[in-house]
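Novice: Could you look at this predicted model? Sequence included:
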Amino acid sequence: MSKTIKKIGVLTSGGDSPGMNAAIRSVVRTCAYHNIECVGIYRGYQGMIEGDFKEMGPRTVNNIINKGGTVLKSARSKEFMTVEGRKKAYDNLTAAGVEALVVIGGDGSFTGAEIFNSEFGFPVMGIPGTIDNDIFGTSHTLGFDTALNTVVDCIDKIRDTASSHNRLFLVEVMGRDAGHIALNAGIGAGAEEILIPEENLGLDRLLDSLRKSKASGKSSSIVVIAEGDKIGKNVFELKDYIEENFPEYDIRVSVLGHMQRGGSPSCFDRVLASRLGVKAVESILDGKSNYMVGIINDKVALTPLEQAIKGHSEIDADLLRVSEIMTT
């Protein structure tokens, strides 16, 4: 194993997700295991530009594995999108003796890392942290499993009210333009219908599905909707449209929002973060750069950052079929 790298920086960027702290902890402790220094960079790329660095060791990451969010904070940085901003960041890193970078975030964060690497030849390694699970090169991103558990727990509670009052609930979940959360949580919570961007259900089919549910004797229903669904109406417009066609339905809307991004990470996310952090540091020490560390078929694997950014995270066709059967 190459020992040329003596100091590694770690940052979190983009939207926070449960498991980021566990990944920070893993990076810091793997560095300590290999007798190299680790620097925490606060507020993502903006902190890199401003030199907001802090030396981190095994004891500085005590008791963070169970915490949601990120102790290193996160921020959007317009300045890093400029050549001048990235040059400032590079100068700060070299002045601090940082020789490689671990970036925990999503595709926007990885795009910044790839550009930074191409301009300065600076070694970078990505760890996918986003609840959306929309990054190519990994079956699971950090926070996805925790978000699913949060959503299912919320829908279970909503169903109690739906059943008690014979109501139809439209539950909107996060996921940007990806339906991974909606599809998995919808199946897990026993939703009567699931609307995702990857499959355009169409208004007529949705109404037909609700009509069949009503005819079969269902007095309450849960419809899970991904925020990026392409049915053509937002969740409140959809409510109005259904009411026009089914005036007998008592309809409520629940937008789960940012509660899905918070909370203590699941065991799965903690273990995944620990595995990816170790691989990220050891890959850098092996001389590798410009990769994302992910998990494929339960094996840790490297994917070139360019592929991770440009590749498309496909929805599971088997899960689609399962959802179709389960909503019968």
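Specialist: In hand now; what should we look at?
Novice: Output the helix or strand hosting residue 324 as CSV - backbone C-alpha positions only.
Specialist: Assessed by DSSP states H and E, residue 324 sits inside helix 317-326. This file holds the C-alpha atoms of helix 317-326, laid out as CSV (Å, rounded to 0.1, in the frame of the first residue of the first chain):
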residue,chain,number,x,y,z
ALA,A,317,-38.4,-3.7,-12.7
ASP,A,318,-39.1,-6.6,-10.4
LEU,A,319,-40.3,-4.1,-7.7
LEU,A,320,-42.6,-2.5,-10.2
ARG,A,321,-44.2,-5.8,-10.9
VAL,A,322,-44.5,-6.6,-7.2
SER,A,323,-46.2,-3.2,-6.6
GLU,A,324,-48.6,-3.9,-9.4
ILE,A,325,-49.6,-7.2,-7.8
MET,A,326,-49.7,-5.9,-4.3
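Novice: What residues of that helix count as buried?
Specialist: Neighbour counts over helix 317-326 (16 or more other Cβ atoms under 10 Å) mark 319, 320, 323 as buried. Heads up, the C-betas are built off the backbone N, CA and C, glycines and all.
Novice: now do stretch 239-256
Specialist: Of all the residues in stretch 239-256, those buried under the rule 16+ other Cβ under 10 Å are 239, 241, 242, 249, 251, 253, 254, 255, 256.
Novice: just these now: which is nearest residue 228?
Specialist: residue 255 (13.4 Å; Cβ to Cβ).
Novice: which ones are touching that closest one?
Specialist: 172, 235 (Cβ atoms under 8 Å, 6 or more residues apart in numbering).
Novice: rewinding a little: out of the buried residues of stretch 239-256, the closest to residue 134 would be?
Specialist: Nearest to residue 134, judged by Cβ to Cβ, of the buried residues of stretch 239-256 is residue 256 at 17.5 Å.
Novice: so what's that closest one up against?
Specialist: Applying Cβ under 8 Å, 6+ apart, one finds that residue 256 lies in contact with 150, 151, 154, 171, 172, 173, 174.
Novice: Out of those, list just those in strands.
Specialist: Among those, the residues falling in strands (DSSP state E) are 171, 172, 173.
Novice: So what pairs up with the first one in the strands?
Specialist: On the basis of DSSP bridges, residue 171 takes part in beta bridges with residue 224, residue 254.
Novice: can you pull the buried residues of the helix or strand of the chain with the lowest mean pLDDT?
Specialist: Least confident element among the helices and strands of the chain, by mean pLDDT, DSSP states H and E: helix 203-215 (a mean of 80). Within helix 203-215, the residues that qualify as buried by neighbour count (16+ other Cβ under 10 Å) are 206, 209, 210, 213.
Novice: elements contacting it?
Specialist: Judged by 3 or more Cβ pairs under 8 Å, 6 or more residues apart in numbering; DSSP states H and E, helix 203-215 is in contact with strand 193-195, strand 221-226, helix 235-245.
Novice: Which stretch among these approaches residue 284 most closely?
Specialist: Nearest to residue 284, of these and by Cβ to Cβ, is strand 221-226 at 35.5 Å.
Novice: what's the angle from the longest helix seen in the chain to strand 221-226?
Specialist: In terms of residue count, the longest helix belonging to the chain (DSSP state H) is helix 144-165. Taking axes from the mean of the first three to the mean of the last three Cα atoms, to 10 degrees, one finds that helix 144-165 is oriented at 150 degrees with respect to strand 221-226.
Novice: CA-only coordinates of helix 144-165 in CSV, if you can.
Specialist: Extracted as CSV, the C-alpha positions of helix 144-165 are listed here (Å, rounded to 0.1, in the frame of the first residue of the first chain):
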residue,chain,number,x,y,z
PHE,A,144,-31.9,5.9,1.6
ASP,A,145,-32.6,3.0,4.0
THR,A,146,-33.2,5.4,6.9
ALA,A,147,-35.5,7.6,4.8
LEU,A,148,-37.6,4.5,3.8
ASN,A,149,-38.0,3.5,7.4
THR,A,150,-39.1,7.0,8.3
VAL,A,151,-41.6,7.2,5.5
VAL,A,152,-43.1,3.8,6.2
ASP,A,153,-43.5,4.7,9.9
CYS,A,154,-45.3,8.0,8.9
ILE,A,155,-47.6,6.1,6.4
ASP,A,156,-48.5,3.5,9.1
LYS,A,157,-49.6,6.4,11.4
ILE,A,158,-51.5,8.1,8.5
ARG,A,159,-53.3,4.8,7.8
ASP,A,160,-54.7,4.7,11.3
THR,A,161,-56.5,8.0,10.6
ALA,A,162,-57.4,7.0,7.1
SER,A,163,-59.1,3.8,8.3
SER,A,164,-60.8,5.6,11.3
HIS,A,165,-62.4,8.2,9.0
